[in-house]
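> Structure for the following, please:
(2 chains)
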Amino acid sequence: MYTKSNISLSDKARVNEILEVILAFARQDFEKKVEIRDDDNLLDGIGSGINMLGEELEHSRISLAEKEQLLKEVHHRVKNNMQIISSLLNLQSDKIVDKKVLHLLRESQNRIKSMSLVHEMLYKSQDLSKISLNEYIESLCRSVYRSYSQPESHIEFEFNLEGDLLLDVDKMIPLGLILNEIISNSLKYAFPDKLGKIQITFHAEANKFNLTVSDNGIGLIENFDIDKDSNLGIQLIYMLAEQLDGKVSYKNHNGVTYLIQF
Amino acid sequence: MEIPIHATEAKGYFTWMGNDGIARTCVKPNLDIVLEHAIENSKIVSSFFVDKKFPILIDARNIKSMSYEARHHFSAHRRETKTNVFGIIIGSSISRVLGNFYLGINKPAVPTRLFDNEQDSINWLKQFCS
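Numbers count the residues shown, from 1 in each chain, chains lettered A, B, ... in the order given. So this is what the prediction gives:
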């Protein structure tokens, strides 16, 4: 057993040498190694163990970096594949004259875009599993607006997004699709005179997230019945909210307001 | 460990098959084992194979160090090995650390135990001879 009093000067030097190597590992410098002498010495044993730990650490760091690169590559490919699907729908739409079919194709394209945006942001992010909610919501709104905007339309977006929350992909995809449906509905039906405002509020409250999307448009038809009058978009909102273990409520007063809690 | 005349001498080891069906390999003193040594040893050990896998006793008491690549080779993961169990004799501080490190971190693919002496190791390995 080594105690303060019986450590020799040469052992002290060796202990310092070992500490230097441990500190180098802490700085992620794995070039340094404890020199192992030929004698059967306890410090040689400790040094040998530290050298091996350093090698394992170095290799696990490389392997982690490789996996991160691979994950980035996967997100990039998923995004590219989704863009290809979107482009194919675009090409198909060139040959279609039926407005209803064109409309359906555009809706599908937007749904694909809302998902591909998540993957695009994921491969560009530092954290490969989470993305900035604020950045995503604003980018998505811009993208949907570009898709539905017409000449002379003046629809303003107002964002009230709490902090800069990071959400994981399992939440972001359904949330993006919900937003896509609500905003698309507003842009398509709420503003016949092409003038209005869409407000998006997101805040966290006691382990729950609240997303509120409201427009100041003409509102839903009188006596709107969600079971009878809803289109695929509204059905999707309810289905996706369930996927988030959340619930949906809406108000039809001075426009339409949707509240999603999850 | 007594090395018989018929043992095969490689850069890092003496290796032979015992009459009891247990292969033996003895690490040369103060050796820094690298992948080349490990592969060379595996080839020699595999050459003893006839029709059934066999146990191997490794005398690592004189070892100085073993590289990351060599440790992973000896762990026998993702490679075919003709041995069914490892018994490793340790003695020095370094061999004790290395042996425990190998068991705990590299986790060999076949049953492995560390021993302080040759006889205990042989007694344990015998049960795996077919």
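> What are the buried residues along the helix ranked longest in chain B?
Secondary structure of chain B per DSSP state H: the longest helix is helix B:35-46. For helix B:35-46, the neighbour count (16 or more other CB atoms under 10 Å in any protein chain shown) marks B:35, B:37-38, B:40-42, B:44-45 as buried. (Glycine included, C-beta is placed from N, CA and C.)
> got the contact list for stretch A:30-41?
With contact meaning CB atoms under 8 Å, 6 or more residues apart in numbering or on different chains, stretch A:30-41 is reached by A:17-18, A:20-21, A:24-25, A:44, A:46-48, A:50-51, A:54-55, A:57-58, B:30, B:64-65, B:91-94.
> what's the burial count for the residue in chain B positioned nearest to chain A?
In chain B, no residue comes nearer to chain A than B:Ser93, which is 2.8 Å away by CB to the nearest CB. The local packing of B:Ser93 (other CB atoms under 10 Å in any protein chain shown) involves 19 other residues.
> For it, give its distance to A:Val34.
For B:Ser93, the distance to A:Val34 equals 13 Å [CB to CB, to the nearest Å].
> which residues are in contact with both of those two?
A:46, A:48.
> for residue 71, what are its contacts?
Using chain A. Contacts for A:Leu71 were tallied using CB under 8 Å, 6+ apart; they are A:Leu128.
> try again with chain B
Contact analysis of B:Arg71 by CB under 8 Å, 6+ apart lists A:52, B:101-102, B:105-106.
> Quick check: ChimeraX command selecting the buried ones in those residues.
Buried residues among these (16+ other CB under 10 Å), as a ChimeraX selection:
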select /A:52 /B:101,102,106
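> Need the contacts of B:Arg71 in JSON lines (columns: pLDDT, secondary structure and distance to A:Leu244).
Listed next are the contacts of B:Arg71 as JSON lines, based on pLDDT from 0 to 100; DSSP: H, G, I helix; E, B strand; the rest coil; distance: CB to CB, whole Å:
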{"residue": "A:Met52", "pLDDT": "93", "secondary structure": "helix", "distance to A:Leu244": "46"}
{"residue": "B:Phe101", "pLDDT": "90", "secondary structure": "helix", "distance to A:Leu244": "46"}
{"residue": "B:Tyr102", "pLDDT": "91", "secondary structure": "helix", "distance to A:Leu244": "47"}
{"residue": "B:Ile105", "pLDDT": "89", "secondary structure": "helix", "distance to A:Leu244": "41"}
{"residue": "B:Asn106", "pLDDT": "88", "secondary structure": "helix", "distance to A:Leu244": "43"}
